[in-house]
Structures are given as structure tokens and as C-alpha cells.
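J.: dropping a prediction and its sequence here:
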Amino acid sequence: MSGGGIERINPAGLGPPRGFSHAVVATGSRLVLLAGQTALDAGGRVVPGDLVAQFEAALANLLAALRAAGGAPHHLARVTVYATDVAAYRACSRELGAVWRRLAGRDYPAMAVVGVVRLWDAEALVELDGLAVLP
């Protein structure tokens with residue numbers, strides 16, 4: 001158990017997870033559903049920059065929404081990443097992992113990356129949504 005009613009499970013029979021957990025058991029009492037967040041600034045404009053810069057801004061927005069609901073990064077049970085270019089996402093995986101660790105720490109939720117044709121904001125390269133369980 002890494003706190004907040006979240007237990008991360010990574011069975012030895014599965015490949016070692018890198019940047020995600022294979023399973024998450026949520027035993028907390030408050031469920032927080034986090035809407036998709038892109039790299040929008042406070043004025044509602046997509047921040048300029050590459051995939052890594054946009055991922056950092058989108059993750060910061062997701063975590064801001066989580067904190068406003070009374071949670072913290074270790075409460076995340078699931079995050080879905082929607083990327084307009086999965087090959088670019090994979091190519092940037094080291095930098096994206098460093099951003100995750102700096103903003104959210106080393107407790108990884110169950111995660112998926114989904115390739116999409118485009119996002120709501122045409123300039124957006126990535127969007128993150130999530131589910132958190134608070135004690």
C-alpha cells in the first residue's frame with residue numbers, strides 16, 4: 001500500500017512495468033473522476049511547445065484539478081493518455097517519465113496510451129484524464 005487507499009500490484013509473471021502499474025486496488029472512500037486536461041494555460045490557450053512541454057502542462061492541469069478535489073498524485077488509480085502521435089510519444093518516453101516523476105512522484109497508476117486523430121483543441125498534442133481514490 002503506498003498511501004491513500006491505493007495498492008499497486010505488479011505480478012512477477014508479467015513484464016516489468018515502466019511508467020505504469022499493471023493493477024491498482026482502490027480501497028479509499030472518495031472517488032474523483034478527472035476530466036481530460038490538455039496543455040491549456042489560464043487564458044484557455046494551448047501552450048506553445050513540443051509534446052514534452054504539452055505533456056508537462058497537461059499533467060500539471062490534471063494534478064491541479066486533483067488537488068482542488070482534495071487529492072494528491074499518489075491518489076491516482078488510473079490515467080489515460082490520448083496522443084495524436086503515439087510514435088512520438090514512445091520516442092519521448094524518457095523525457096515524459098522524468099516529467100511524471102518531477103510532478104507526480106514514483107507512484108504510478110494503471111495507465112494506457114491511446115492514439116487519436118485529433119483532440120478538441122486542434123493545437124493539442126496530448127490529453128490526460130484520470131481517476132483517483134481518496135481515503
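T.: Arrived safely. Numbering: from 1, shown residues only.
J.: what about this structure, any weak spots by pLDDT?
T.: 1-4, 28 (pLDDT under 70).
J.: give me that answer again for 50
T.: 1 (pLDDT under 50).
J.: in it, which residue is closest to the centre?
T.: Residue closest to the mean C-alpha point of the chain, counted by C-alpha atoms, centre = their mean, is residue 79 at 4.5 Å.
J.: so when I look at it, I'm seeing a helix, right?
T.: No. Counting by DSSP: H, G, I helix; E, B strand; the rest coil, residue 79 is not found in a helix; it is strand.
J.: can you name the residues bridging to it?
T.: residue 111, residue 130 (DSSP bridges).
J.: wait, it touches residue 113, no?
T.: No. Using C-beta atoms under 8 Å, residue 79 is not in contact with residue 113; the gap is 9.7 Å. All C-beta spots, glycine's among them, are computed from the backbone N, C-alpha and C.
J.: run a quick neighbour tally on the closest residue to residue 129 other than its chain neighbours.
T.: Spatial nearest neighbour of residue 129, chain neighbours left out: residue 36 (4.2 Å); criterion: C-beta to C-beta, 6 or more residues apart in numbering. The tally of other residues near residue 36 (other C-beta atoms under 10 Å) stands at 16.
J.: right, I'll leave it there.
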